[in-house]
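*Asks:* next comes the sequence, and after it the predicted model I'd like to discuss.
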Amino acid sequence: MVKGWIPISVSEQLGQRLIALYSNDRKRPENQKFSPWVNNILLKYVEFQEQQKEYGPFLEFKDADQTMVNLYDHERKKSLAVYIDNLKKKLHCEYHNDKTDCLHVGFCLGIPEVYRLLIKDGFKSPKSSRNN
């Protein structure tokens with residue numbers, strides 16, 4: 001074991017997927033080794049989970065279909081919809097008068113089920129604003 005590192009194991013299938021991502025990652029430094037690269041991926045995931053704990057508890061994902069994402073906003077004590085516009089490839093928030101860059105829209109982009117659905121339909125991620 002190398003000082004400052006602990007070994008972890010992943011399934012062979014996941015390992016092969018990670019190696020493929022690593023090999024095709026044009027954003028990583030050319031001399032970056034695989035282990036530090038995986039470490040960065042895991043660090044981003046952990047940071048995301050920590051942010052979800054800080055900012056996410058007041059928003060709750062209920063369900064989604066091809067036209068909308070249903071959320072519950074505990075701060076406002078109400079259900080709300082974020083609509084999926086497949087023609088314009090945008091999400092827009094019912095609560096914020098159809099805004100496309102509010103916190104509710106940003107939250108939806110962090111929900112794996114919703115993100116997969118949107119990517120499948122050719123969406124690109126908009127910039128989100130925390131002030132809404």
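*Replies:* On my side now, so go ahead. Residues are numbered from 1 along each chain as shown.

*Asks:* let me see the ranges of the helices in the chain.
*Replies:* 12-24, 34-55, 103-109, 112-120 (DSSP state H).

*Asks:* from His104, how far out is Val114?
*Replies:* For Val114, the distance to His104 (CB to CB, to the nearest Å) stands at 12 Å. C-betas here are computed from N, CA, C, even on glycine.

*Asks:* how is the chain carved up into domains?
*Replies:* Split into domains by automatic domain parsing, the chain comes to 12-55, 59-120.

*Asks:* deepest-packed of those domains, please.
*Replies:* Of all the domains of the chain, domain 59-120 has the most neighbours on average by mean count of other CB atoms under 10 Å, namely a mean of 16.

*Asks:* so for the biggest strand by length in the chain, what's the average pLDDT?
*Replies:* Counting residues, the longest strand found in the chain (DSSP state E) is strand 78-85. The pLDDT scores in strand 78-85 average 94.

*Asks:* output it in CSV with nothing but the alpha carbons.
*Replies:* Written as CSV, here are the backbone C-alpha positions of strand 78-85 (Å, rounded to 0.1, in the frame of the first residue of the first chain):
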residue,chain,number,x,y,z
LYS,A,78,-45.6,22.6,-2.3
SER,A,79,-45.3,20.3,-5.3
LEU,A,80,-44.1,21.9,-8.5
ALA,A,81,-43.3,20.8,-12.0
VAL,A,82,-40.3,21.4,-14.2
TYR,A,83,-41.5,21.0,-17.8
ILE,A,84,-39.4,19.3,-20.5
ASP,A,85,-39.5,21.2,-23.8
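
*Asks:* of all residues in the chain, which one is nearest the centre?
*Replies:* The structure's the chain has its C-alpha centroid closest to Gly110; by CA atoms, centre = their mean the separation is 2.9 Å.
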